[in-house]
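Visitor: I need the structure of the sequence given here:
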Amino acid sequence: MAAERQLAAVTGLTERDVLAFGLALAGTFVAVAVGAAAWSLATGGSPWAAIHLALAGAAVVAIGAFMPHFAVTLAGTHRAASNQRAVALALLAGGASAVVVGTLAGAGWVAGPASLAVLGGLGLVATHTFAPLREPLARRHPVVTLVYAMALVELAVGVTLGGLAAAGVPAIVAAWATLRPAHAWLNLLGAVSLTIFGTLVYLAPTVLGARIRAGAGLAVGATGMLIGPPLAVAGFAVESRPLLVAGMALTSLGGLGQLAYLVDAYRRRGRFSSEHDWRAVSTGHLFGGAAWFLAAVVAATAEVAIGRPIAGWSIGALAVPLIAGWMLQELVGSWTYLVPSVSPGDAARHALQRRILAAAARSRAVAWNAGVALAWAGGQLVIPWLVLPGALLVGVAALASVLLLGRALATDAV
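Guide: Next up, the predicted model:
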């Protein structure tokens, strides 16, 4: 704490300021992604912009904000200077925005170099995450360290592939039919999902008031989430169906282990006497997201196993459970719990934030998951009158969550 106060005196920023900044940026990306999704649904256009605003924007910025924070907190070591942390977030957010705008405008000269800004931001995130762990007295958490390291490697490779494609590099463009699904698996089912898994190892028991306990679920989850996506990427790269199915099946097994770990933590949950709604919305989103991840990966595995063409594979309708059901829902569940814990202010301000974030708690969680179910079922069965109400439910729940986040962050520090 003394070191953090010294850094704040020099830079004017504290770690809490940086985390609040990261949450505000992530929430902004979520809101813009919802708007882009609504536009594509209304016009019949591609959901590409919405997916990348959510993934390259909201998810990557959240990773940049919280991966170093969790790693250093668990290790009990000194944090990086807060101004450096803020620069990393600015590079990630600015680079992601430029990539999306440049790609939509057909300006490869913008989108390609902008990916370098994202890579620069990831380099800073890696430094802020792992450099403090080399201190002699750092506590060791090998599972989380390995998960975070693998996630950053996968994300760097995925961003590089996307940047080369956006820049129009001929060799990448010519092979994009097989590289595009590899790009998706590296970024979404690899890096982002692996980061969420590593974070849930500690966050979920904390939300539930349970002791963190290693077990079969954690071992299976870590094995599947670490090995499965790289195998699937290799399967896409060499167009090997057995290798691809094996990678997807292992990823499914990882999702099952993750859900089993969460269920075990829930069975051992603590008994709280207050603020039930605040914990309920966070718990509902964290568990709902894990269930949608498992369902989506099992569905993807089944599709490929029964003969779906490997070349040109895309997440398609699986974007609903993977983006809305899994990634964004886990982000909202996490920030609901974390804002009162990590943002600036005293106990009175944090209590007010918990009350704000608990608004319509159960209704929002139910609406979100019901909307994912309707939209995914409508997409799979080609029933438009199911897709529209489902998308509306998810959109309203997501925007309500963003507005509540903004209101909680804007409360006066007392």
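Visitor: ok now do Trp326, which residues does it touch?
Guide: 193, 196, 289-290, 292-293, 296 (CB atoms under 8 Å, 6 or more residues apart in numbering). In this view, the C-beta of every residue, glycine as well, is placed from N, C-alpha and C.
Visitor: so which of those residues comes closest to Ser334?
Guide: Ile196 (8.3 Å; CB to CB).
Visitor: do you know how far the closest one is from Thr283?
Guide: 15 Å (CB to CB, to the nearest Å).
Visitor: Neighbour count: those two, which is higher?
Guide: Counted by other CB atoms under 10 Å, Ile196 and Thr283 do not tie: Ile196 has more neighbours, with 27 against 23.
Visitor: Find the residue closest to that one in space, skipping its chain neighbours.
Guide: Glu330 (5.0 Å; CB to CB, 6 or more residues apart in numbering).
Visitor: Regarding the one you found, what is its secondary structure?
Guide: Assigned by DSSP: H, G, I helix; E, B strand; the rest coil, the conformation of Glu330 is helix.
Visitor: what's the burial count for it?
Guide: For Glu330, using other CB under 10 Å, the count is 28.
Visitor: Kindly provide the distance from Ala54 to Val110.
Guide: For Ala54 relative to Val110 (CB to CB), the value is 20 Å.
Visitor: the more surrounded of these two?
Guide: Ala54 (29 against 16).
Visitor: surely the more buried one meets Glu330?
Guide: No. Checked against CB atoms under 8 Å, the pair Ala54 and Glu330 is beyond contact range at 11.7 Å.
Visitor: what about Thr145, neighbour count?
Guide: Neighbours of Thr145 (other CB under 10 Å): 18.
Visitor: how about the residue nearest to it when sequence neighbours are not counted, what does it touch?
Guide: Leaving aside its chain neighbours, Thr145 sits nearest to Leu133 (6.7 Å; criterion: CB to CB, 6+ apart). By CB under 8 Å, 6+ apart, Leu133 lies in contact with 71-72, 75, 77, 145.
Visitor: Please convert these to TSV, extending it with pLDDT, distance to Leu262 and secondary structure.
Guide: Compiled in TSV, these are given as follows (pLDDT from 0 to 100; distance: CB to CB, whole Å; DSSP: H, G, I helix; E, B strand; the rest coil):
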residue	pLDDT	distance to Leu262	secondary structure
Ala71	87	21	helix
Val72	87	25	helix
Ala75	80	24	helix
Thr77	82	28	coil
Thr145	86	21	helix
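Visitor: and which of the residues you listed is nearest Gly35?
Guide: Ala71 (33.0 Å).
Visitor: what number of residues lie near the residue nearest to the closest one when sequence neighbours are not counted?
Guide: Spatially, and ignoring its direct neighbours in sequence, Ala71 is nearest to Thr129 (4.6 Å; CB to CB, 6+ apart). The local packing of Thr129 (other CB under 10 Å) involves 24 other residues.
Visitor: Test my guess that Thr129 contacts Tyr148.
Guide: Yes. Counting by CB under 8 Å, Thr129 does reach Tyr148; the two are 6.0 Å apart.
Visitor: which neighbours do these two share?
Guide: 67, 71.
Visitor: low pLDDT regions in the protein?
Guide: 1-12, 413-414 (pLDDT under 70).
Visitor: Geometric centre of it: which residue is closest?
Guide: Centre of the chain computed as the mean C-alpha position; nearest residue by CA atoms, centre = their mean is Ala59, 4.1 Å away.
Visitor: what's the burial count for the nearest residue to it once chain neighbours are set aside?
Guide: Nearest residue to Ala59 in three dimensions, chain neighbours excluded: Val192, at 4.9 Å (CB to CB, 6+ apart). Neighbours of Val192 under the rule other CB under 10 Å: 29.
Visitor: I'd like the contacts of Leu133 written out as a markdown table, with distance to Val342 added.
Guide: A markdown table is the format used below for these (distance: CB to CB, whole Å):
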| residue | distance to Val342 |
| --- | --- |
| Ala71 | 14 |
| Val72 | 12 |
| Ala75 | 17 |
| Thr77 | 17 |
| Thr145 | 21 |
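Visitor: So which of these is surrounded by the most neighbours?
Guide: Within the contacts of Leu133, neighbour counts (other CB under 10 Å) peak at Ala71, which reaches 24 neighbours.
Visitor: any chance you could map the helices in the stretch 51-200 of the chain?
Guide: Here the stretch 51-200 of the chain has its helices, by DSSP state H, counting those that start in this stretch, at 60-75, 82-104, 108-130, 142-166, 170-174, 176-184, 193-208.
Visitor: buried ones in the fifth one?
Guide: Yep, that's helix 170-174 we're talking about. Ile172 (16 or more other CB atoms under 10 Å).
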